[in-house]
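Q: Please work out how this folds:
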Amino acid sequence: MKVEQIYTGCLAQGAYYIESNGEAAIIDPLRETAPYTKRAEKDNATIKYIFETHFHADFVSGHIELAEKTGGTIVYGPNANCQFSCYEAKDGEVFKLGNVTITALHTPGHTMESTTYLLTDEQGNKHSIYTGDTLFLGDVGRPDLAIKSDLTKEDLAGHLYDSLHNKILPLPDSVIVYPGHGAGSACGKSMSKDTVDTLGNQKRVNYALQPMSKQEFVAKVTDGLSAAPQYFPKNAMMNKQGAKPLEEIMEKGTKGWEPNEFENVAESTEALLLDVRDAQTFAKGFVPNSINIGVEGQFAPWVGALITDLTQPILLITEPGKEEETVTRLARVGYDNTIGYLKGGIEAWKAAGKEVDTVHSISPQQFEQELSKDATVLDVRRVNEYETEHLVNADNKPLDYINDWMAELDRSKPYYIHCAGGYRSMITSSILKARGFDNITEVAGGYGAIKNTNLPRTSGVNQAQ
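A: The predicted model follows:
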């Protein structure tokens, strides 16, 4: 028996490969199928099952395409009501895979079809559980993401309590917990950075697994939930209905356009210009009106939070060689309308004599020297980060809600913008520049570097939303 976690850091997502005696199962695959087919080929194994723990909201799954390529059966839990060919498992149903078995444990709560899969090894020992978004390390799945549900988050949290206490907690402490996500995912509140643990240890350290009444559990799990990213319900619906093949998206998205062609296509399609280079590289020169979201950071979640139309035509500006990776990452979260990239990148644009814009970016030390009492500082970190500690008189304007607060700004006033490390502040600066805000200065290195200056800091309640 082989068990392998295939973890994708930018989505903080864990997919799983299980093989026994020439038969393989994939649990919660991402949209690109090659990593799974190649892994099975390495073992000369046949993919027999594609298990889905639920209809994912934070990424588009590759279950349909993987099934078409391998002949594997797509398996969901009860209440799935797939709009494509799938097998809906019964609670407690056992699936044989080589010399091992996988049992479907219906664990509603995150969503009503949520199912945990229990792997039993060749000796009949309960080996591991694949919990999807039911149980994380240090947390449990948020109960407010079910699509088209007439159940409240409190109702779902109650179901989650029952699922944990009736299906998961009775399992042996030695059982390995393989969750669907780790820290960085918006599917929970306080997930651990670890990606694997034992159930016994989770019983000790996970706040949601401590002895408490259902009422207490519901209150704890529903407290402090931030708004879900806008693309979550759209991705969930794509997973329920079925998405188009990735190859089709890649063919269109990886077409290179010479600078003049790029400019013409941008104008004729009203495409969003998305520059995915490093923040400070972007600041030194970019195609006017382009938005910077660095592909090396939390790229997919920020694209999903800020680009509200999944059908929006997108043109890319990347470092050479990053085009295919970027199109793939966009498709993972349902952005299927990338229509090409700037061939030769920003250097080709400059060589063609095209206009280049910049963002004024300064060091924290320069910021300390320039900052006056009358200056407006925009701290674009999330509320909880700001409340932990922030600069005196800084206004908290979380990037997540830029479309709500941007109208409050005065184009004639100067603004200094910072986040935690410089990634989000450059995204913010690029959006503001594209919307006609020219008097902005980005602080490189963010609050982490600002703390090394003598600028006065404080903690407490948010001053300005």
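
Q: Doesn't residue 177 lie inside a strand?
A: Yes. Using DSSP: H, G, I helix; E, B strand; the rest coil, the assignment for residue 177 is a strand.

Q: Which of the helices or strands spans residue 274?
A: Assigning secondary structure by DSSP states H and E places residue 274 in strand 272-275.

Q: what does that strand rub up against?
A: 266, 282, 286-287, 289-293, 303, 307, 312-318, 430 (CB atoms under 8 Å, 6 or more residues apart in numbering). Any C-beta I mention is one placed from the backbone N, CA and C, and that applies to glycine too.

Q: hmm, try it at 10 Å
A: Contacts to strand 272-275, defined as CB atoms under 10 Å, 6 or more residues apart in numbering, come from residues 262, 266, 281-282, 286-295, 299, 303, 307, 309, 312-318, 326, 330, 335, 337-338, 341-342, 345-346, 426, 430, 434.

Q: isn't residue 195 right up against residue 182?
A: Yes. If you go by CB atoms under 10 Å, residue 195 and residue 182 touch, sitting 5.0 Å apart.

Q: quick one on the thing from earlier: what pairs with the strand holding residue 274, and is each one parallel or antiparallel?
A: strand 291-292 (parallel), strand 314-317 (parallel) (DSSP bridges).

Q: Quick one: end-to-end distance for stretch 399-416.
A: End-to-end distance of stretch 399-416 (CA to CA, to the nearest Å): 14 Å.

Q: what residues do residue 195 and residue 182 have in common as contacts?
A: By the contact definition CB under 10 Å, 6+ apart, residue 195 and residue 182 are jointly contacted by 7, 9, 12-14, 136-137.

Q: quick one, which of residue 195 and residue 182 is more surrounded?
A: Neighbours around residue 195 and residue 182, counted as other CB atoms under 10 Å, are more numerous at residue 182. The numbers are 23 against 20.

Q: what sits against that one?
A: Applying CB under 10 Å, 6+ apart, the residues contacting residue 182 are 7, 9, 11-14, 136-139, 188, 191-196.

Q: Show only the entries of those found in strands.
A: Members of the contacts of residue 182 lying in strands (criterion: DSSP state E): 7, 13-14.

Q: Show me what the helix or strand of the chain with the lowest mean pLDDT is packed against.
A: Across the helices and strands of the chain, mean confidence by mean pLDDT, DSSP states H and E is lowest for helix 299-306: a mean of 90. With contacts taken as 3 or more CB pairs under 10 Å, 6 or more residues apart in numbering; DSSP states H and E, helix 299-306 sits against helix 232-241, helix 323-332, helix 402-405, helix 423-434.

Q: Check which element follows the longest one along the chain.
A: Toward the C-terminal end, the helix or strand that comes next after helix 423-434 (DSSP H and E) is strand 440-443.

Q: one step back: switch the ones in strands among the contacts of residue 182 over to JSON lines; also include neighbour count, pLDDT and distance to residue 202.
A: Converted to JSON lines, those look like this (neighbours: other CB atoms under 10 Å; pLDDT from 0 to 100; distance: CB to CB, whole Å):
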{"residue": "7", "neighbour count": "15", "pLDDT": "95", "distance to residue 202": "18"}
{"residue": "13", "neighbour count": "24", "pLDDT": "94", "distance to residue 202": "19"}
{"residue": "14", "neighbour count": "22", "pLDDT": "96", "distance to residue 202": "15"}
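
Q: wait, which of these is closest to residue 379?
A: residue 13 (29.0 Å; CB to CB).

Q: Tell me how far the nearest residue to the closest one once chain neighbours are set aside lies from residue 218.
A: Spatially, and ignoring its direct neighbours in sequence, residue 13 is nearest to residue 181 (5.8 Å; CB to CB, 6 or more residues apart in numbering). Distance of residue 181 to residue 218, computed by CB to CB, to the nearest Å: 22 Å.

Q: Compare those two (neighbour count), which wins?
A: residue 181 (27 against 20).

Q: Can you name the residues that contact that one?
A: Applying CB under 10 Å, 6+ apart, the residues near residue 181 are 7, 11-14, 28, 56, 58-59, 131-133, 136-137, 139, 141, 187-188, 191, 195.

Q: which phi and psi does it have?
A: In terms of degrees, to the nearest 10, the main-chain angles of residue 181 are phi -150, psi 160.

Q: Distance of it relative to residue 46?
A: 28 Å.

Q: Quick check: what element follows the strand or helix carrying residue 339 along the chain?
A: Residue 339 belongs to strand 338-342 when assigned by DSSP H and E. On the C-terminal side of strand 338-342, the closest following helix or strand by DSSP H and E is helix 345-351.

Q: Can you mark which positions in that following helix are buried?
A: 345-346, 348-349 (16 or more other CB atoms under 10 Å).

Q: Any chance of TSV for those, columns distance to residue 406 and pLDDT?
A: Putting the buried residues of helix 345-351 into TSV (distance: CB to CB, whole Å; pLDDT from 0 to 100) gives the following:
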residue	distance to residue 406	pLDDT
345	29	97
346	26	97
348	31	97
349	27	98
